[in-house]
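Chemist: Got a sequence here, can you model it:
(one chain, ligands or ions: 1)
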Amino acid sequence: MNEKLSQIRQSILVGIEKKATSRATAFELRKQFLDSKNGEIGQLMKEMKNLAAEDRAEFGKQVNELKKWATEVFEDLDKKMKEKELEFKYQREKIDVTIDADAQEKGNLHPITQMRNQLIDVFAGMGFTIYEGTEIENDYYNFTALNTPADHPARDMQDTFYLSPEFLLRTQTSSGQIHVMENSKPPIKILSPGKVFRSDDDATHSPMFTQMEGLVVDKKITLCDLKGMLDNFVKKIYGEDTTTRLRPSYFPFTEPSVEVDVSCFECGGKGCKLCKGTGWIEILGAGIVNKKVLENCGIDSEEYSGLAFGIGIERTAMLKYGINNIKLLFESDLNVLKQIDDN
Ligand code: PHE
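Modeler: Model prediction:
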């Protein structure tokens, strides 16, 4: 019988050694030996009846000792397994706060979008609302209604992409002026941003670029209103010390027409490379809306007058951010684009 007892003791130790890898497997082992009914130690008691009466007390004592020993062994084992599992969990969930974080790239808006938003902000502050026209126009809205009939030499100023004899890709956001004046009565104060297209391609011209048209129609609108608005615009975009000057120019749809220069914000007007030594940089075309254009849209040119301007968004952005080739704005080179973050 004693042999049997030491065999059980042995198989408990071997079982633990070989099978107890977790709390669950340790528990299974414990059940195998210590389960009150079917456990191997419990089963020993059944053999009591086969023993001589005088041996029974001694045997009972030894079984109890084995049981006590096994209980302690399994309790100890359970504790160890619990610690092992906790340790494993800690290892798995450990956070090393000293590890460098993955660098997160911060996105920014495209410079043209940034400039567009800044311009909208400035002019919205002066009471302008947005009108977005369409990129496909017919000949009437892009040219004829803007006092540029078919044989007009000014058509040569804007090399046009025709889609058909009648339809074309608009060469200027000025076409929006006509739509707005046809559909609303003065007072009118709109800003029309959008893409325009010309068959033109060099360091400062791209076949697709963006303009921001401004149109104001009301009683007694003069060049002074235009100059005041443009001064405000250049101060907000290029700095408080900046101002504008107007030079006579020609557009069929404005009379008089002006070319607007901004005082050089790089050198303050002394003359530098950017302003080619003149102290001034040409930034946009503008003028008083030609009476013929008002009349084409059914607006009484005796009662009302208007001003219009067309800002090139790329040019405005190139000057502000020191970009010397318009292609840099269209090539999507992130090394270039992420340097310009003005928001
Ligand atoms: N549409 C002209 C251009 O694209 C600019 C302009 C707009 C001039 C409004 C005068 C008035 O060149």
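
Chemist: Touching, F309 and V260? I think so.
Modeler: Yes: counting by Cβ atoms under 8 Å, F309 touches V260, with 7.4 Å between them. Just so you know, the C-beta spots here come from the backbone N, C-alpha and C atoms, and that holds for glycine as well.

Chemist: residues bridging contact with these two, i.e. touching both?
Modeler: 230, 284-286 (Cβ atoms under 8 Å, 6 or more residues apart in numbering).

Chemist: By neighbours, which of those residues wins?
Modeler: A286 (26 neighbours; other Cβ atoms under 10 Å).

Chemist: Can you tell me the strand partners of the helix or strand in which it is found and which way each runs?
Modeler: Assigned by DSSP states H and E, A286 belongs to strand 280-289. Strand pairing for strand 280-289, using DSSP bridges, gives strand 254-263 (antiparallel), strand 305-312 (antiparallel).

Chemist: Comparing those, which comes out most buried?
Modeler: With neighbours taken as mean count of other Cβ atoms under 10 Å, these reach their highest mean count in strand 305-312, at a mean of 24.

Chemist: contact partners of the helix or strand that that strand is followed by?
Modeler: On the C-terminal side of strand 305-312, the closest following helix or strand by DSSP H and E is helix 313-321. The contact list for helix 313-321, computed with Cβ under 8 Å, 6+ apart, reads 111-112, 114-116, 119, 193, 204, 206, 209-212, 237-238, 262, 265, 274, 281, 283-284, 323-324, 326, 329, 340, 342.

Chemist: List the buried residues in the helix or strand hosting V217.
Modeler: Using DSSP H and E, the element containing V217 is strand 208-218. By neighbour count on 16 or more other Cβ atoms under 10 Å, the buried set for strand 208-218 is 209-217.

Chemist: Measure how it sits relative to helix 313-321, angle-wise.
Modeler: 100 degrees (axes from the mean of the first three to the mean of the last three Cα atoms, to 10 degrees).

Chemist: Which other helices and strands does strand 208-218 contact?
Modeler: helix 111-124, helix 175-183, strand 188-197, helix 223-238, strand 305-312, helix 313-321 (3 or more Cβ pairs under 8 Å, 6 or more residues apart in numbering; DSSP states H and E).

Chemist: What residues does the residue in the stretch 201-343 of the chain that the ligand sits nearest to make contact with?
Modeler: Residue nearest to the ligand within the stretch 201-343 of the chain (Cβ to the nearest ligand atom): G310, separated by 2.7 Å. Going by Cβ under 8 Å, 6+ apart, G310 touches 172-174, 211-214, 284-286.

Chemist: so it bridges to which residues?
Modeler: E213, G285.

Chemist: Give me the pLDDT value at it.
Modeler: pLDDT for G310: 98.

Chemist: what residues are up against the closest residue to K291 other than its chain neighbours?
Modeler: Excluding the flanking residues, the one nearest K291 by Cβ to Cβ, 6 or more residues apart in numbering is S301, at 3.8 Å. By Cβ under 8 Å, 6+ apart, the contact list for S301 reads 291, 294-295.

Chemist: Give me the subset of those lying in helices.
Modeler: 291, 294-295 (DSSP state H).

Chemist: Most neighbours among those, please name it.
Modeler: Most surrounded of the ones in helices among the contacts of S301: other Cβ under 10 Å gives L294, at 21 neighbours.

Chemist: from what I can see that residue touches L307, true?
Modeler: No: counting by Cβ under 8 Å, L294 sits too far from L307 to count as a contact (11.6 Å).

Chemist: give me the element L246 is part of.
Modeler: Using DSSP H and E, L246 falls in strand 244-251.

Chemist: got the buried residues for that strand?
Modeler: For strand 244-251, by 16+ other Cβ under 10 Å, it's 244, 246, 251.

Chemist: Good, we can wrap up now.
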